[in-house]
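Colleague: generate coordinates for the sequence data below:
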Amino acid sequence: MSEKRRKKKLNKGRVIRNIVITVVILGLITVGIIFLRKMISDKYATDSTAELISVQAQSGSISTTVYGSGRLADDDVETVKIPDSVEIDEVRVSVGDTVTEGDVLATVDSKSVISAMSVVQSEIDAMDAKLEEAGDDEIESQVKAPVSGRVKEIYVAEGDGVTTVMSDKNALMVISADGYMAVDLSGSSLAEGDEVTVKTSDGTEYTGSVKYVSGQNATVIFSDEGPKADEKVSVVKDSDEVGSGNCYINSPVTVVSYGGTVEELKVAEEDSVKSGATLLTLTDTEYTINYETILKERKKLEASLSELLEIYKKGAVCATVSGSVRSIPSDSEESSSSKSGQSKSETTEESTFKLSPDKTMTVSVSVDETDILSLEIGQEADVAVSSLGEDTYKGTITAISKSGSSSNGSTQYTADIQIEKQEKMMEGMSAEASIKIKSVDDTIYVAKDALNETSSSAYVYTSYNEETGELGGVTEVTIGISNNNYVEIVDGLKAGDTIYYKEKQTTKNSNGRNRDFSGMPSFGGGDSGMPSFGDGNMPSFGGGSGMPSMPGGSSSSSGKER
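Modeller: Numbers count the residues shown, from 1 in each chain. Model prediction:
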């Protein structure tokens, strides 16, 4: 009996112990669920107080706009260079000064100007000697046939400049040297030596032969008397057409020259010529390319001498345009913005004044690859300069880059927009440009935030239940163009229809950045944001109805999660 009582006490103690363990575990599970619910709710739940917004579908115009930003730069900046060896006595202007064409920019040392003129005159004298030598290098006044043959193509006419024709055609004439035209055929069953008939577009027939065969490709030759180069011909064998193609000169020889003017043509197309026969005559043959090159160099020296004479006469370098001074000569780091009274110094590579006419400015804006093809030269744009207030200025696209730069998987291109320069506009100021690329009139549009999209459709809510706080009346719509604020509704709504949506809410993530959770999927399980486990039961842990096995083989029927 005592043994039975002892066992009974042990069993009773085990049951009590199991109950205590179960209570502790259930307590821990409850605390864990509360903590997990709070954590998930804090992290993912949207603000239940989000403002309900109702709007009506509007009728009117909507446009799509491309935006870009950049910095202002002056256009048509004029560079006034101090001639080599000319020394500055005094710079009379400062950066930012306004000047009128003809105003003195700097006074110069007269002796240095005379010295520079002497150097330029010596160079002109040397050029004159070279011109005299080059004048003896006359081109042959007759262009002759390099081979015997038939003249098939003539590119020049009387009065044409030889250099111009040569740069365009690389030849003056083309002669057929062997008496044959040729045509290539593909997919034929011809064999080398086969005789064929070649028909031209006007019906003329020529006897031809197969000169060469490679696989199913064949080359047929026939008389060059008559057919034009690149004329389409057909090839017939045993009354069956075996192919067609554009014919060409089988053995072409080009006639070339390098200068002069065509005085008279001595031949016509289709003429037969002998080697050495005169094809055309030339005039102006003394002006060879070498002569013209030297003459151009001499003209540059003449311009330099005239400039020096003007500087010597005025004793100064003067403004070539009216506008503002962008930079002045410098021989030190500080002098780019120095004041008047600069000491005398020999000029360097930086011996230039830069003058801006102050008429137009350009802003080069970066445009994404998805939008660049929508832009075109001449298109209007609105440009805002934040430093000058909220006003916008009308501009025009003057250039669009053909090459872009890649960054973070996207390619950016540059578009140049020119605007009229306004008072207080300065080079380097930040500017924002907007370019309207699409516009639709008399259409229906709604606020972009009211639109909901899936992978295959778009819809809006057209009703709201005040008791449940739920949006309803799902209406599928077809959308058109959109911008930052509105989207076009092509089908599904009419003007005046009311649409409901909730204001988008944001919260901070662990990095402190805003996250938009207005589109978070519902987890079920009430407002807490806690994921639903289906029918409300917790997942099974083994050992029965969902409760982990207790020591001694007992289990609890509780559905709580540990």
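Colleague: can you give me the domain boundaries for the protein?
Modeller: Dividing the chain into domains by automatic domain parsing, as the record does, gives the ranges 2-46+523-553, 52-62+441-509, 66-74+358-440, 78-128+295-354, 143-282.
Colleague: could I get these as JSON lines with mean pLDDT and distance to residue 134?
Modeller: To be clear about C-beta, it is placed using only N, CA and C from the backbone, and glycine gets the same treatment. Shown next, in JSON lines, are the domains of the chain (pLDDT from 0 to 100; distance: least, CB to CB, whole Å):
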{"stretch": "domain 2-46+523-553", "mean pLDDT": "52", "distance to residue 134": "87"}
{"stretch": "domain 52-62+441-509", "mean pLDDT": "87", "distance to residue 134": "66"}
{"stretch": "domain 66-74+358-440", "mean pLDDT": "89", "distance to residue 134": "41"}
{"stretch": "domain 78-128+295-354", "mean pLDDT": "82", "distance to residue 134": "9"}
{"stretch": "domain 143-282", "mean pLDDT": "94", "distance to residue 134": "11"}
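Colleague: can you redo those domains as JSON lines with mean neighbour count?
Modeller: Putting the domains of the chain into JSON lines (neighbours: other CB atoms under 10 Å) gives the following:
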{"stretch": "domain 2-46+523-553", "mean neighbour count": "13"}
{"stretch": "domain 52-62+441-509", "mean neighbour count": "15"}
{"stretch": "domain 66-74+358-440", "mean neighbour count": "16"}
{"stretch": "domain 78-128+295-354", "mean neighbour count": "16"}
{"stretch": "domain 143-282", "mean neighbour count": "17"}
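Colleague: and stretch 203-220, how far apart are its ends?
Modeller: Separation of the first and last residues of stretch 203-220 by CA to CA, to the nearest Å is 18 Å.
Colleague: contacts for that stretch next, please.
Modeller: For stretch 203-220, contacts defined as CB atoms under 8 Å, 6 or more residues apart in numbering pick out 182-200, 221-223, 226-227, 235, 243.
Colleague: switch to 10 Å and redo it
Modeller: For stretch 203-220, the surrounding residues in contact (CB atoms under 10 Å, 6 or more residues apart in numbering) are 180-200, 221-227, 233, 235-237, 242-243, 245, 247, 250.
Colleague: find the helix or strand that residue 361 is a member of.
Modeller: strand 360-368 (DSSP states H and E).
Colleague: strands paired with that strand, and their directions?
Modeller: On the basis of DSSP bridges, the sheet neighbours of strand 360-368 come out as strand 58-74 (antiparallel), strand 410-420 (antiparallel).
Colleague: between the ones you listed, which one is closest to residue 393.
Modeller: Closest to residue 393 of the strands paired with strand 360-368, according to CB to CB: strand 410-420, at 4.8 Å.
Colleague: that closest one: what's the following helix or strand?
Modeller: Where DSSP H and E defines the elements, the next helix or strand beyond strand 410-420 is strand 430-447.
Colleague: beyond that following strand, next helix or strand please.
Modeller: Beyond strand 430-447 on the C-terminal side, the first helix or strand identified by DSSP H and E is strand 452-453.
Colleague: helices of this protein, residue ranges please.
Modeller: 2-44, 110-135, 162-169, 289-314, 369-372 (DSSP state H).
Colleague: could you dump those to JSON lines with distance to residue 88?
Modeller: Formatted as JSON lines, the entries for those read as follows, by distance: least, CB to CB, whole Å:
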{"stretch": "helix 2-44", "distance to residue 88": "71"}
{"stretch": "helix 110-135", "distance to residue 88": "9"}
{"stretch": "helix 162-169", "distance to residue 88": "43"}
{"stretch": "helix 289-314", "distance to residue 88": "11"}
{"stretch": "helix 369-372", "distance to residue 88": "47"}
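Colleague: off-centre distance for stretch 189-201?
Modeller: Distance of stretch 189-201 from the chain centroid (CA atoms, centre = their mean, to the nearest Å) equals 52 Å.
Colleague: using PDB, write out every CA atom in it.
Modeller: Coordinates of each C-alpha in stretch 189-201 appear next as PDB, following Å, rounded to 0.1, in the frame of the first residue of the first chain:
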ATOM      1  CA  SER A 189      23.100  26.100-112.700                       C
ATOM      2  CA  LEU A 190      25.500  27.600-115.300                       C
ATOM      3  CA  ALA A 191      28.900  26.200-116.100                       C
ATOM      4  CA  GLU A 192      32.000  28.000-117.200                       C
ATOM      5  CA  GLY A 193      32.100  28.600-120.900                       C
ATOM      6  CA  ASP A 194      28.300  28.400-121.300                       C
ATOM      7  CA  GLU A 195      26.900  30.800-124.000                       C
ATOM      8  CA  VAL A 196      24.000  32.900-122.800                       C
ATOM      9  CA  THR A 197      21.900  35.900-124.000                       C
ATOM     10  CA  VAL A 198      22.000  39.100-122.000                       C
ATOM     11  CA  LYS A 199      19.000  41.400-122.200                       C
ATOM     12  CA  THR A 200      19.100  45.100-121.100                       C
ATOM     13  CA  SER A 201      16.200  47.100-119.800                       C
END
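Colleague: for residue 445, give its distance to residue 57.
Modeller: Counting by CB to CB, to the nearest Å, the gap from residue 445 to residue 57 is 7 Å.
Colleague: got any residues that touch both of those two?
Modeller: With contacts taken as CB under 10 Å, 6+ apart, the residues that reach both residue 445 and residue 57 are 489, 493, 495.
Colleague: can you put those residues in JSON lines and add distance to residue 436?
Modeller: JSON lines is the format used below for the shared contacts of residue 445 and residue 57 (distance: CB to CB, whole Å):
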{"residue": "489", "distance to residue 436": "20"}
{"residue": "493", "distance to residue 436": "24"}
{"residue": "495", "distance to residue 436": "23"}
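Colleague: so which of these belong to strands?
Modeller: Counting by DSSP state E, the part of the shared contacts of residue 445 and residue 57 found in strands is residue 489.
Colleague: closest to residue 92 among the shared contacts of residue 445 and residue 57?
Modeller: Using CB to CB, residue 489 is the member of those that sits closest to residue 92, with 66.4 Å.
Colleague: not counting sequence-adjacent ones, nearest residue to that closest one?
Modeller: Leaving aside its sequence neighbours, residue 489 sits nearest to residue 444 (CB to CB, 6 or more residues apart in numbering; 4.4 Å).
Colleague: residue contacts, that neighbour?
Modeller: Neighbour list for residue 444: 57-60, 62, 477, 480, 487-497 [criterion: CB under 10 Å, 6+ apart].
Colleague: can you pull the contacts of residue 150?
Modeller: Shown here is residue 150, whose contacts under the criterion CB under 10 Å, 6+ apart are 174-181, 223-226, 249, 269-273.
Colleague: hmm, I typed the wrong one, I wanted residue 270.
Modeller: 150-152, 176, 224-228.
Colleague: cool, and residue 405?
Modeller: Shown in contact with residue 405 (CB under 10 Å, 6+ apart): 366, 411-414.
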